[in-house]
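K.L.:
Need a 3D model of the following:
(one chain, ligands or ions: 1)
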Amino acid sequence: MATVGFIGLGNMGGPMAANLVKGGHKVTVFDLSEAALEQARAAGCSVAGEVSEVTQGADFVISMLPADHHVEGVYLGDKGLHKTLSKTTLVIDCSTISAETARKLGAELQQSGIEFIDAPVSGGVGGAKAGTLTFICGGAESAVERARTVLNDMGKNVFRAGDAGAGQVAKICNNMLLSVLMAGTSEALQLGIAHGLDPKVLSEIMLQSSGRNWTLEVYNPCPDVMEGVPSSNDYQGGFLVDLMAKDLGLAQQAALRSGASTPMGSLTLNLYRSWAQLGHGREDFSSIFKYVTPQTKK
Ligand code: NAD
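P.N.:
Model (predicted):
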């Protein structure tokens, strides 16, 4: 059993912290949202009055925050945790942020003798609830091994992509591919529907054919084809359009820096950004299905 501090109890962090409690760990949590703290309390977590309290006696501090500036603010800001963390604590940031920020955070914590790994996740809210996430880690091998004590209670796969920041690079590669699959699957389904096909039947055909992919398997974007997914819940719960647009922006920044050619990633970034600007930023990313609704013939 470990003593764990957990920061960021949103769609992902809430169920992840609850799974740590189920795994027998002592978990102290912090979030800016009172509602999120109440849910965590009900799941058996202790609630900290302020963020620095989560570091007290912690073997691990885990964060699951939206974006770079939240992570930098929590660890490195004026009241940053780098001032209260102990040298025996391993910091695990599971947020999806830029590799540069992850490396900067790792380097700054290392100056105070504190170990850090980036460990962004794949598997969505379903995976967070079921405890079947995939952790994509960057950092020293020994630190990743040590992290398994807690990661194994929240997920079923732990990969080490390389040194600090490498987990974030692998994660944005995955999410760029996911956005292309989601947009492409949405287009294909809408084309079939426009020609009178039943989306359930078309989904089953493509699942057993060469168009098979993760979105058809577990996250169909067409309402009422699949139970328990955001598309069948008015695109609520899940992975926000705003967050997908953020990840695609990170992928394009990384491509520019390295000279990699990512035309499909650039297309999906523009699709997701304009969908967010049309007011859909707080919907699940599978709502891109509605963006490609066929035009009515005049
Ligand atoms: P979310 O918006 O649901 O939750 C973020 C939480 O962080 C909120 O509860 C918010 O109140 C809290 N927060 C923000 N600033 C804070 C601060 N300074 N101190 C304490 N708490 C703070 O986001 P999410 O969907 O849980 O995603 C979190 C991260 O995981 C993101 O980086 C996202 O890209 C990544 N991710 C999400 C999914 C998904 O399916 N939702 C999947 C994989 C990865």
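K.L.:
hang on, G165 packs against I136?
P.N.:
No. With contact defined as C-beta atoms under 8 Å, G165 and I136 do not form a contacting pair (11.5 Å). (C-beta placed from N, C-alpha, C; glycine too.)
K.L.:
The two: which has the busier surroundings?
P.N.:
Using other C-beta atoms under 10 Å as the criterion, G165 and I136 rank with I136 on top: 26 against 23.
K.L.:
where's whichever residue of the stretch 1-150 of the chain sits closest to the ligand, which helix or strand?
P.N.:
The nearest approach of the stretch 1-150 of the chain to the ligand comes at G10, 1.7 Å away (C-beta to the nearest ligand atom). Here G10, judged by DSSP states H and E, is contained in no helix and no strand.
K.L.:
what does F159 give?
P.N.:
strand 155-162.
K.L.:
Can you pull the phi/psi pair for V180?
P.N.:
Reported as degrees, to the nearest 10, the phi and psi values for V180 are phi -70, psi -40.
K.L.:
surely it meets M264?
P.N.:
Yes. In this structure, V180 is within contact of M264 by C-beta under 8 Å, at 4.8 Å.
K.L.:
out of those two, which sits in the more crowded spot?
P.N.:
V180 (18 against 14).
K.L.:
got a list of what the more buried one touches?
P.N.:
M264, G265, T268 (C-beta atoms under 8 Å, 6 or more residues apart in numbering).
K.L.:
Of these, which belong to helices?
P.N.:
Using DSSP state H, the members of the contacts of V180 that fall within helices are M264, G265, T268.
K.L.:
Quick check: the last one vs N213, distance?
P.N.:
Per C-beta to C-beta, to the nearest Å, T268 is found 14 Å from N213.
K.L.:
Could you do the second one as well?
P.N.:
Separation of G265 from N213 (C-beta to C-beta) stands at 16 Å.
K.L.:
One more: L278?
P.N.:
25 Å.
K.L.:
more crowded one of these two?
P.N.:
Under the criterion of other C-beta under 10 Å, the comparison of L278 against N213 puts N213 first, with 17 against 11.
K.L.:
Within range of the ligand, give me the residues from this protein.
P.N.:
Where proximity means C-beta under 6 Å from any ligand atom, the interface of the chain facing the ligand comprises 7-13, 30-33, 36, 51, 64-66, 70, 73-74, 95-96, 121, 124-125, 238-239, 243, 247.
K.L.:
Quick check: end-to-end length of stretch 40-49?
P.N.:
Separation of the first and last residues of stretch 40-49 by C-alpha to C-alpha, to the nearest Å is 13 Å.
K.L.:
now the helix or strand bottoming out on mean pLDDT in the chain, how far from the centre of its chain.
P.N.:
Comparing every helix and strand of the chain by mean pLDDT, DSSP states H and E singles out helix 124-130 as the least confident one, with a mean of 93. Relative to the centre of its chain, helix 124-130 is centred 10 Å away, using C-alpha atoms, centre = their mean, to the nearest Å.
K.L.:
mind saving the C-alpha coords of the helix or strand following it as CSV?
P.N.:
Of the helices and strands lying after helix 124-130 in sequence (DSSP H and E), the nearest is strand 133-138. Once non-C-alpha atoms are left out, strand 133-138 reads as follows in CSV (Å, rounded to 0.1, in the frame of the first residue of the first chain):
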residue,chain,number,x,y,z
LEU,A,133,-5.8,2.3,-19.1
THR,A,134,-2.5,2.2,-21.1
PHE,A,135,0.2,4.3,-19.5
ILE,A,136,2.8,5.7,-22.0
CYS,A,137,5.8,6.7,-19.9
GLY,A,138,8.9,8.8,-20.3
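K.L.:
need the next SSE after strand 133-138, C-terminal direction.
P.N.:
Toward the C-terminus from strand 133-138 - assigned by DSSP H and E - lies helix 141-151.
K.L.:
A188: what secondary structure?
P.N.:
At A188 the chain is in helix, as set by DSSP: H, G, I helix; E, B strand; the rest coil.
K.L.:
Show the pLDDT at it.
P.N.:
Confidence at A188, expressed as pLDDT, is 98.
K.L.:
repeat for the one 10 residues further on
P.N.:
The per-residue pLDDT reported for D198 equals 98.
K.L.:
Now for it: which residues touch it?
P.N.:
Residues in contact with D198 (C-beta under 8 Å, 6+ apart): none are found.
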